[in-house]
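Colleague: Okay, predicted coordinates and the sequence, questions at the end:
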Amino acid sequence: MKGLGKVFFLFLAGAMVYGIIEILWRGRTHWTMAVLGGICFVICGGVNEYLSWETPLLLQCLICAILITAAELAAGMVLNVRMGLAIWDYSELPFQYQGQICLGYSCLWYLLSLAAILLDDWIRWRFFGEEKPQYHMV
């Protein structure tokens, strides 16, 4: 499986895993969150693929957390603010911006990006015959 087929497979894996995580965390989800989770999973895998194996994993997680936070802000401004779907609201949390992003969840995205990078590498190695992952933490 090459190209778009691989990306679609990775997207579906990320969408399913994130949907399950959100149901376990919040007790509910919205289908758009699975889509956003799949997109963010592909983004994290792309960051990991673009950077060399020597790039510290903790730095990759920081880059991914920033990108996920940006994606969450963009999605929140469209889905929650513009369309009024009220899927999430961080207004009551500290260090938030317009109720769409907050520092606490950005830290959570840092941790989840570690899992996403590891899962993406494992899928690529196990199912697509790509190079066996090797990591440098710092």
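Modeller: Received it, and whenever you're ready, just let me know what you need.

Colleague: What residues sit buried inside the longest helix anywhere in the chain?
Modeller: For the chain, the helix with the greatest residue count under DSSP state H is helix 103-128. Within helix 103-128, the residues scored as buried using 16 or more other Cβ atoms under 10 Å are 105-106, 109-110, 112-114, 116-117, 119-121, 123-124. (Each C-beta comes from the backbone N, C-alpha and C, glycine too.)

Colleague: Farthest pair within those?
Modeller: Y105 and R124 (27.0 Å; Cβ to Cβ).

Colleague: which residues touch N80?
Modeller: A86, I87, W88, D89, G99, Q100 (Cβ atoms under 8 Å, 6 or more residues apart in numbering).

Colleague: change it to 10 Å
Modeller: Counting by Cβ atoms under 10 Å, 6 or more residues apart in numbering, N80 makes contact with A86, I87, W88, D89, Y90, Q98, G99, Q100.

Colleague: Mark which of the residues you listed are buried, thanks.
Modeller: Taking 16+ other Cβ under 10 Å as the criterion, what is buried in the contacts of N80 is I87, W88, Y90, G99, Q100.
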